[in-house]
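Chemist: When you get a sec, could you give me coordinates for this:
(one chain, ligands or ions: 1)
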Amino acid sequence: MYNTGIMAVECYAPERAVTNDDLAKLVDTSDEWIYSRTGIKSRHVSTGENTSQMCIKVAERLLEKTGVKPEELDLIIVATITPDFATPSTACLVQGAIGADNAAAFDVSAACSGFIYSLSIADKFIKAGEYKKALVIGAETLSKYVDWQDRTTCVLFGDGAGGAIVEARERGGIIADVLHAKGSDGMKLTGCEKKVRNFLSSPEPDRHYFIMDGKAIFNFATKVIPQSINIITQKSGVSLDDVKYIVPHQANYRIIEFAARKLKLPIEKFYINIDRYGNTSAASIAIALGEMSNEGLLQRGDKVILTGFGAGLTWGSMLIEW
Ligand code: ACO
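Modeler: Prediction:
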């Protein structure tokens, strides 16, 4: 049986950066409030690019970096809650654009855990033996769901994409993962509800924007991150001392700080870039990995834990030997 190794990671964000001061001109907020409560300074916001276009940029960068030809890809998975369309899937749009004619393609909806869910799915396909190379992308245009008049949510989110090409390898790569969901708490964070349009009756308006119980999500996240990381270390037998980096979903600096304290780990072990991106949901871990790789932080043999949590509710962690 093969393992699933990471060949390369890459990332992309739209050029337009919106600072906290920019938002303070739209709603009653301040740089001081946003930064002290979340760790966010600015976020990238699309000025026309949709989710598939950002995915295609990541895919092209990955193909160039690895030298993999599009027709060598067996599978394309895009993790997103902000697809261009309900159908075709974002993954199919990417498949068509890059000419990956031999790849199966589908999207995964698991919000901020989406990139970990998707890597885990790709891992299972590769371990089953039939597929050798997969392109896995996490991408969001969350600005499509943001109510720019709601200060409790508009300060949190950003747009961007990141991804990986993974391949069948003899050893290393994805060593262990764990995925969870708690649908009974799903209504604590909703986005883009689509109402039923009954025949001949006037439709109820859609509730287009994110609606969130921020405190409940905060408490949930600080509880499940340490739990899920502890499961991974038990499952793999790898001690946290031997892990070089933990790459968490970037939702709030204080959530990461809480988790670090509970795990008795120095905050420096966590890669954090929320100050420049905000919360990019399924893209956040992938963007972080892309940046880390481009900064030379990830070396062959390094052990890295990814940990994500978010709407659904969903959460999960994964241990990778680079
Ligand atoms: N600027 C100024 N004041 C604000 C703002 C703002 N942007 N937002 C809220 N406030 C006010 C509130 O109205 C409230 O005022 P009040 O006391 O007069 O009612 C006060 O600030 C305190 O609000 P809280 O909600 O208690 O603030 P809290 O410290 O809990 O921080 C936050 C809010 C940042 C949203 C935090 O709860 C959080 O980060 N939660 C987690 C969210 C998250 O991680 N979501 C991830 C999932 S996203 C996904 O899956 C797509």
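Chemist: who's in contact with the residue nearest to residue 21 when sequence neighbours are not counted?
Modeler: Excluding its sequence neighbours, the residue lying closest to residue 21 (C-beta to C-beta, 6 or more residues apart in numbering) is residue 31, at 5.6 Å. No exception for glycine: its C-beta is placed from N, CA and C like everyone else's. Residues near residue 31 by C-beta atoms under 8 Å, 6 or more residues apart in numbering: 19-21, 24, 41.
Chemist: I'd like to know how far residue 31 sits from the ligand.
Modeler: Separation of residue 31 from the ligand (C-beta to the nearest ligand atom, to the nearest Å) stands at 10 Å.
Chemist: just residue 134 next, same as before
Modeler: 24 Å.
Chemist: same check, this time on residue 133
Modeler: In terms of C-beta to the nearest ligand atom, residue 133 sits 29 Å off from the ligand.
Chemist: Thought residue 169 was touching that residue, still the case?
Modeler: No. No contact is recorded between residue 133 and residue 169 when judged using C-beta atoms under 8 Å, the distance being 10.9 Å.
Chemist: Those two: who's more crowded?
Modeler: The neighbour count for residue 133 versus residue 169, taken as other C-beta atoms under 10 Å, is higher for residue 133 (21 against 17).
Chemist: host element of the closest residue to the more buried one other than its chain neighbours?
Modeler: Among residues not flanking residue 133 along the chain, residue 167 sits closest, at 4.9 Å (C-beta to C-beta, 6+ apart). Taking DSSP states H and E as the definition, residue 167 sits inside strand 159-169.
Chemist: Show me what that strand is packed against.
Modeler: Where contact means 3 or more C-beta pairs under 8 Å, 6 or more residues apart in numbering; DSSP states H and E, strand 159-169 is packed against strand 3-12, strand 42-44, helix 51-66, helix 114-127, strand 133-141, helix 284-294.
Chemist: after it, next one along is what?
Modeler: Strand 159-169 is succeeded, C-terminally, by strand 173-181 (DSSP H and E).
Chemist: Need the residue closest to the centroid of this protein.
Modeler: Centroid-nearest residue in the chain: residue 282, 2.4 Å away (criterion: C-alpha atoms, centre = their mean).
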